[in-house]
Each structure stands twice: as structure tokens, then as C-alpha cells.
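S.K.: model this:
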Amino acid sequence: MTDPGRAKSDGPRLHPAERPVFFTDAVVAIAMTLLILPLMESVSDAGGDAGAGQWLSEQWSRLLSFALSFVLVAVFWRAHFRLFEHVDAITDRMMMLNFGWMLTIVWLPVATSLSGALPTFDPTTGQDDKVLIALYVGTLAANTLLLYLLEVTVRHHPQTWNPDNPPTRGGEAVALSMLILFTLSGVMAVVPGFNLLTLLLLALTGPLQGLIVKRMKPLT
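M.R.: Presented below is the predicted three-dimensional model:
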């Protein structure tokens with residue numbers, strides 16, 4: 001394999017993947033920690049006479065947003081981890097896509113805090129907060145889009161592969177499945193009555209992945 005960091009005459013400049021992966025893991029860990037901060041602040045602001053039950057009833061939307069986002073970040077990190085298990089080096093394009101992927105992870109605590117603090121549906125007007133829904137679901141869709149582009153870029157640059165553990169089309173199919181379902185979820189979420197419940201469509205990731213894999217040509 002070409003020495004990382006040196007330019008090839010017939011390919012892009014390569015860099016060792018180890019440090020970008022460690023840096024990405026640190027960013028994800030910090031973002032997951034930031035998800036809990038709104039709940040910590042609500043505990044500090046709780047009155048002395050309020051019991052735990054009252055706090056739970058008042059903060060249920062924030063608790064739900066935290067749990068959902070924590071699980072989603074874990075899913076995103078696992079997909080990213082599985083991709084880079086097959087990578088020994090990265091190109092400049094891969095590095096930029098990875099920074100974009102991290103940007104969506106860093107932004108997610110903000111979108112989560114908004115979705116927990118503000119109602120996605122106003123019963124007095126009967127209308128959804130479409131901007132809030134777009135911020136949250138759009139962040140998720142952007143994350144999977146960037147992951148899919150990373151998968152495609154890796155596929156097109158065999159010189160970045162781990163020779164003992166080359167990639168398969170499975171990871172690409174997972175990223176594409178999530179991208180399709182998040183996009184569909186975002187479109188459906190603006191329909192009154194659906195809201196963020198459309199994220200339940202993610203349960204179809206496995207079956208959709210299977211269909212996509214069958215239509216993909218194996219890597220050679």
C-alpha cells in the first residue's frame with residue numbers, strides 16, 4: 001500500500017486514518033454528553049417542593065428527545081465505526097465529508113434541545129412547527145447523506161482500503177436505507193398529526209437494506 005501522506009501519480013493524496021477516527025470519536029462523545037445538559041439545567045431550576053414525579057411529568061418531552069437523540073447518535077456512530085474498520089487511509093475529500101458528518105453530530109444537541117423545549121404541534125392553532133421538524137429531521141437526513149457519500153467515496157478509492165478487511169456493499173446499503181427513510185420521514189412529518197412519529201419508519205431499515213443489497217454489484 002502507498003505510504004500515507006504521499007501523493008500518488010495516479011490517485012489522490014492519502015493520509016493515515018487513525019487520527020481522524022480518534023478525533024471523530026471524541027467529537028461524538030462530547031456531543032452525546034451535551035444532549036443531557038438541558039435536563040441537568042431543569043433539575044437545577046426545579047423548585048424545592050417539587051418531587052421527582054412532578055419533574056418527570058414536566059420534563060417528559062425533553063426526556064423523550066434526549067433518549068431518541070442518544071440512540072440515533074449511537075446508531076450513526078456505529079455505522080461510521082463499521083465503515084472505518086475497512087479503511088487504512090483517507091483522502092482529502094473523505095476528510096471534508098467526515099468534517100461535515102461531525103458538524104451534523106455537533107448540531108444535533110441544539111436541535112434536540114429545541115424539540116424538547118418547544119412543542120412540535122400547537123393544539124390551539126392545529127398546526128405543526130414545520131421549521132422545528134425540519135431542523136431535527138433535516139439534521140438526521142444530512143448525517144446519513146454524508147455517511148452515504150463517505151461510503152461511495154471509499155468504494156471508489158481502493159487504495160484507502162484495509163487489505164486484510166476490505167469493505168462490502170452492506171454499509172453503503174445501510175446508509176442509503178437510512179437516508180431514504182429519513183427523507184421520507186421528513187416529508188411525512190409536516191403532515192398534521194404525524195409529527196416526529198414518522199421516525200418510526202426507521203424500523204424498516206433492515207428490510208430496505210436487504211432489498212438494496214440484492215440490487216448492488218459486489219465490490220471487486
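
S.K.: which stretches of this protein form helices?
M.R.: Counting by DSSP state H, the chain has helices at residues 18-34, 37-45, 52-58, 60-84, 92-117, 130-155, 170-189, 205-215.

S.K.: among these, which is nearest residue 162?
M.R.: In terms of CB to CB, the element of the helices of the chain nearest to residue 162 is helix 60-84, at 9.3 Å. To be clear about C-beta, it is placed using only N, CA and C from the backbone, and glycine gets the same treatment.

S.K.: can you list contacts of that closest one?
M.R.: Helix 60-84 is contacted from outside by 17, 21, 24-25, 28, 31-32, 35-36, 38-39, 42, 56, 101, 105, 108-109, 111-113, 115-117, 119, 140, 143-144, 147, 150-151, 154, 167, 171, 174-175, 178, 196, 199, using CB atoms under 8 Å, 6 or more residues apart in numbering.

S.K.: mind checking which of those are buried?
M.R.: 17, 21, 24, 28, 31-32, 35, 38-39, 42, 101, 105, 108-109, 111-113, 115-116, 140, 143-144, 147, 150-151, 154, 167, 171, 174-175, 178, 196, 199 (16 or more other CB atoms under 10 Å).

S.K.: for this structure, give me the ranges with low pLDDT.
M.R.: The chain contains residues with pLDDT under 70 at 1-10, 46-50, 118-129, 190-197, 218-220.

S.K.: show me what contacts residue 212?
M.R.: Contacts of residue 212 by CB under 8 Å, 6+ apart are 173, 176-177.

S.K.: quick one: it from residue 137, how far?
M.R.: Distance of residue 212 to residue 137, given as CB to CB, to the nearest Å: 21 Å.

S.K.: look up how far residue 189 lies from residue 132.
M.R.: Going from residue 132 to residue 189 by CB to CB gives 10 Å.

S.K.: then residue 82?
M.R.: To residue 189, residue 82 is 28 Å away according to CB to CB.

S.K.: and what of residue 54?
M.R.: Separation of residue 54 from residue 189 (CB to CB): 30 Å.

S.K.: neighbour count: those two, which is higher?
M.R.: Comparing residue 54 with residue 189 by neighbour count (other CB atoms under 10 Å), the higher total belongs to residue 189, at 22 against 12.

S.K.: I figured that one hits residue 133, correct?
M.R.: Yes: using CB atoms under 8 Å, residue 189 is in contact with residue 133, at 4.7 Å.

S.K.: thinking again about what came up before, export the contacts of residue 212 to JSON lines and append columns for neighbour count and distance to residue 72.
M.R.: Below are the contacts of residue 212 laid out as JSON lines (neighbours: other CB atoms under 10 Å; distance: CB to CB, whole Å):
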{"residue": "173", "neighbour count": "22", "distance to residue 72": "19"}
{"residue": "176", "neighbour count": "22", "distance to residue 72": "17"}
{"residue": "177", "neighbour count": "23", "distance to residue 72": "14"}
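
S.K.: make CSV from those residues and add distance to residue 76 to it.
M.R.: Below are these laid out as CSV (distance: CB to CB, whole Å):
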residue, distance to residue 76
173, 16
176, 14
177, 13
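
S.K.: so who does residue 147 touch?
M.R.: Applying CB under 8 Å, 6+ apart, we find residue 147 in contact with 76, 79-80, 83, 101, 175, 178.
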